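Novice: quick one, structure for this:
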Amino acid sequence: MHPRRPSHRNPARGSRGRLIRLAVASAAVAAGAAVAAPAAVAGEARLLLGLERPGGTGLALERVADPSSPDHRDYLTLPELRQRYGASPATVRRVQGYLRSRGIDSSVDPTRTFVAATMTEDQAAAAFGEGIIRIAEAQGVVGNDRSALPRPLRGLVREVAGLGQFEADAQTSRRRESDAHRGRIGTVKLPPRTGRAEGCVDGREVGLGGEASRIFPGTKPFTPNQIQTAFGFDPLHRAGVQGRGQSIALVEFGAGFKAKDMSVFAKCFGLPEPKVRAHTVGIARPPVPFESGATGEATLDIQTLMLAAPRARIEVLLGGPRTPFAEPLAAALDAKRLGRLPSVVSISYGLCEPLAAASGAGTADRRLFERVAQAAGLLGTSIVVSSGDSGSSACAHQVGGLLLSEVAGTVITGSPSVAWPASSPSVTAVGGTSMRLDRANRIVRQRPWNNTQVGIPAAEIVEVAGRDFVTFPAGGGTGGASRFHRQPGYQADAGLGAAQRLVPDVSMYASNVPGIVTYCSAFSVAAGFGECPPSPENGFWSAIGGTSFSAPLLAGGLALANEQAARAGAPPLGFVNPLIYERQTRRAALRDVTTGSNALFPVGCCQARVGYDQATGWGTVDVSKLSQVARQRWQARADVLGS
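Specialist: Residues are numbered from 1 along each chain as shown. The predicted structure follows:
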């Protein structure tokens, strides 16, 4: 999963000389954060003005998603959603008219939840005046302090998201296999690839590169055919269920990708040429692939969907590094723009909750995301989110180059944490596992993904100019208890017995040792840099892992289940968590992971055990069996209603 890091402070002076902080961040984190994504235009902010709107989306989603409810999978159309739960057209007109009078162009999202606008510091000062300081201090939520808004916006706007301006990078691991053990050869014991790999020689025989290839000759990444067999894609693919008629949306931030890379990957592994379209959200043009620090993320996401749902249409929503999460998610629901409503949205980005809480407008960002996620569920669209790649310490990989004195005993390593938006109760959080396969590519052993179990250190001290800095080489699937959200009903009904939302819900393969093969050529020879530099041994082929793989893998599986549902005349699965948490589903379609831990640091969490645990959730998903359970559950509902 790609982390989105808080940006450096970006103060601006208001019209009366007061200091307006358009970006509020933890100074300790911001000072050490390496910015990998292209920067936004200096002095600009992408703001979302949450509109006054009717409530009730949360309760409505509970009814629609509950397999035992008579309203199960009785979805709304987008016009119905806007009419019932969106802001009134008059509210939209008045807010946009006010912004236009201040020289600010804006747009309204498809669900009529918010108005989006890019503002310079001077424009923001003129539009909001001194009140923007109070709004920022209140985490972007206007609440009862309507006086913080200019008079024309009072009663029309309830929150302002984007004041915290997150910086994008991706939830790292997209961790390259070679990076996991650099400088530690001889101290680690990397597992070999198991099972039977297929594909072109270049893609099938990717090694670690350099001296590591000689010492660990058997450590090669898994190939698409192995993943397809291990997680139950094969039975559906053989039956012709490959994603036809389905659209899957990928939410990306500051990411580019090269269409040629997808063609090379497809040809190597006998996959059809993918149908991929890019759509910008809040930015003027797509990022240049080799200049973007998240190109590897987008490439991995697309190639994962290619192996999972090879005939599906892939819609890539490209936000900027400072775009609030709710905006590209809402853009994914724009059926008019995309041609059809995606049945699944996959997000491989996140920010650990303590850092999200420290950002200036975190509450408003989360409120708008939650509202749009609930709207997606009411439309019948599933949302899957990578849980993170830092084990039970979600903040560890979201900072870099910190002095040792800044790390010891802090939230980075000293206490458990999870990542948002995976912690949202309205999404399916997907954690990560490692696995061993037999010769038929069937899973014979699974554990929570945790690189420390193969000898890779959780943290290393690196001396630079006489000062000790800390790096975090090991990765692991993130899980634990949310600080933001209380436990949702589907977890309480399953007897989890916690006060808070627990993540993940389920897991899929994510380990970067041996990893999954990918092809990315985002590198400029002329410029001498890029996101995906070639190696002498492997060229642009490499081994990558992370929950950035597990989330789109499940997304592809859900798209196949939706295709099979459509063939039977049934609606899509939509918000799938209540179905996953049912005993029938757990027994038939999930493989429990019962041993191991995801903890990279001694924080008291999280150990795998029988049943649900915060290391891997309910375990991994067999997508063909999940599709079968969903069809059976739908038929049972139809029989009851018809009797």
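
Novice: okay, and Q139 sits in which element?
Specialist: In this assignment (DSSP states H and E), Q139 forms part of neither any helix nor any strand.

Novice: and it, what's its pLDDT?
Specialist: Q139 carries a pLDDT value of 79.

Novice: I'd say it and A358 touch.
Specialist: No - taking contacts as C-beta atoms under 8 Å, Q139 lies outside contact range of A358: 10.3 Å. For the C-beta atoms, the positions are set from N, CA and C on the backbone; glycine is no exception.

Novice: neighbour count: those two, which is higher?
Specialist: Higher neighbour count among Q139 and A358: Q139, with 23 against 20, using other C-beta atoms under 10 Å.

Novice: just the strands in the stretch 501-643 of the chain please.
Specialist: Along the stretch 501-643 of the chain, counting by DSSP state E, counting those that start in this stretch, strands occupy 506-509, 516-519, 541-545, 590-591, 620-621.

Novice: pull up the pairing partners for the longest one, direction included.
Specialist: Based on DSSP bridges, the pairing partners of strand 541-545 within the sheet are strand 175-176 (antiparallel), strand 516-519 (antiparallel).

Novice: which one of those strands has the lowest average pLDDT?
Specialist: strand 175-176 - the lowest mean pLDDT of these, at a mean of 50.

Novice: tell me where the stretch 51-200 of the chain has helices.
Specialist: Taking DSSP state H, counting those that start in this stretch to define them, one finds helices in the stretch 51-200 of the chain at 57-65, 78-85, 89-101, 121-128, 131-137, 177-180.

Novice: mind checking which of those helices is nearest S434?
Specialist: helix 177-180 (12.3 Å; C-beta to C-beta).

Novice: just checking, what packs against whatever helix or strand comes next after the closest one?
Specialist: For helix 177-180, the following helix or strand on the C-terminal side (DSSP H and E) is helix 201-204. Under the contact definition 3 or more C-beta pairs under 8 Å, 6 or more residues apart in numbering; DSSP states H and E, helix 201-204 sits against helix 259-268, strand 516-519.

Novice: adding mean neighbour count, write the ones you listed out as TSV.
Specialist: Shown next, in TSV, are those (neighbours: other C-beta atoms under 10 Å):
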stretch	mean neighbour count
helix 259-268	18
strand 516-519	28
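
Novice: nearest to V464, out of those?
Specialist: Nearest to V464, of these and by C-beta to C-beta, is strand 516-519 at 30.7 Å.

Novice: which residues does the closest one contact?
Specialist: Contacts with strand 516-519, where a contact means C-beta atoms under 8 Å, 6 or more residues apart in numbering, come from 199, 203-204, 206, 221-224, 227, 261, 264-265, 268, 296, 299-300, 303-304, 509, 540-545, 549.

Novice: centre of the chain to that strand, how far?
Specialist: 19 Å (C-alpha atoms, centre = their mean, to the nearest Å).

Novice: same deal with stretch 604-615?
Specialist: So, by C-alpha atoms, centre = their mean, the centroid of stretch 604-615 is 22 Å from its chain's centroid.

Novice: for stretch 371-380, same thing?
Specialist: 16 Å.

Novice: dump it to CSV, restricted to CA.
Specialist: Included here for stretch 371-380 are C-alpha records, laid out as CSV according to Å, rounded to 0.1, in the frame of the first residue of the first chain:
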residue,chain,number,x,y,z
ARG,A,371,-20.2,9.6,3.2
VAL,A,372,-19.0,8.8,-0.4
ALA,A,373,-18.1,5.2,0.6
GLN,A,374,-21.6,4.7,1.9
ALA,A,375,-23.0,6.2,-1.3
ALA,A,376,-20.9,3.7,-3.3
GLY,A,377,-22.4,0.8,-1.3
LEU,A,378,-25.9,2.1,-1.9
LEU,A,379,-25.2,2.1,-5.6
GLY,A,380,-23.9,-1.5,-5.5
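
Novice: need the residues that contact that stretch.
Specialist: Contacts of stretch 371-380 (C-beta under 8 Å, 6+ apart): 50, 53, 57-58, 60-61, 64-65, 73, 75-78, 81, 85, 109, 111, 113, 326, 329-330, 332-333, 341, 343, 345, 382-383, 421, 424, 426-427, 571-572, 574-575.

Novice: ChimeraX command for the buried members of these?
Specialist: Per 16 or more other C-beta atoms under 10 Å, the buried members of the contacts of stretch 371-380 correspond to this ChimeraX selection:
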select :50,53,57,58,60,61,64,65,73,75,76,78,81,85,109,111,113,326,329,330,332,333,341,343,345,382,383,421,424,426,427,571,572,574,575
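
Novice: hmm, back to that, can I get the helices of the stretch 51-200 of the chain in TSV including distance to G350?
Specialist: Shown next, in TSV, are those (distance: least, C-beta to C-beta, whole Å):
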stretch	distance to G350
helix 57-65	21
helix 78-85	26
helix 89-101	29
helix 121-128	27
helix 131-137	22
helix 177-180	20
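
Novice: identify, out of those helices, the most deeply packed stretch.
Specialist: helix 177-180 (a mean of 22; mean count of other C-beta atoms under 10 Å).

Novice: below-threshold pLDDT in the stretch 51-200 of the chain: ranges please.
Specialist: Applying pLDDT under 70 to the stretch 51-200 of the chain flags the ranges 144, 164-188.

Novice: so how far is V418 from P89?
Specialist: 39 Å (C-beta to C-beta, to the nearest Å).

Novice: now E370
Specialist: In terms of C-beta to C-beta, E370 sits 16 Å off from V418.

Novice: more neighbours: the two, which one.
Specialist: V418 (34 against 20).

Novice: how about that one: what's its closest non-neighbour residue?
Specialist: Closest residue to V418 apart from its sequence neighbours, by C-beta to C-beta, 6 or more residues apart in numbering: G480 at 4.5 Å.

Novice: for the closest residue to G476 other than its chain neighbours, give me its contacts.
Specialist: Spatial nearest neighbour of G476, excluding adjacent residues (C-beta to C-beta, 6+ apart): G391 at 3.3 Å. Contact analysis of G391 by C-beta under 8 Å, 6+ apart lists N450, A458, A474, G475, G476, G477, T478, G479, N598, A599, L600, F601.

Novice: for T471, which non-adjacent residue is closest in space?
Specialist: Nearest to T471 is E460, by C-beta to C-beta, 6+ apart, at 5.2 Å.

Novice: what about stretch 604-618, how long is it end to end?
Specialist: This stretch, stretch 604-618, spans 20 Å end to end (C-alpha to C-alpha, to the nearest Å).

Novice: now the longest strand along the chain: buried residues?
Specialist: Secondary structure of the chain per DSSP state E: the longest strand is strand 428-437. For strand 428-437, a neighbour-count test (16+ other C-beta under 10 Å) marks T428, A429, V430, G431, G432, T433, S434, M435, L437 as buried.

Novice: helices or strands up against that strand?
Specialist: helix 224-230, strand 382-386, strand 443-448, strand 506-509, helix 547-567.

Novice: next, the angle from whichever helix or strand L48 is part of to helix 121-128.
Specialist: Under the criterion of DSSP H and E, L48 resides in strand 44-51. Angle, strand 44-51 to helix 121-128, by axes from the mean of the first three to the mean of the last three C-alpha atoms, to 10 degrees: 20 degrees.

Novice: quickly list what the residue nearest to V418 is bridged to.
Specialist: Beta-bridge partners, per DSSP bridges, of G480: V503.

Novice: ok, Q487 to R501 distance?
Specialist: Distance from Q487 to R501, by C-beta to C-beta: 6 Å.

Novice: A266 now?
Specialist: When distance is defined by C-beta to C-beta, A266 is 38 Å away from R501.

Novice: since that was my last question, I'll sign off now.
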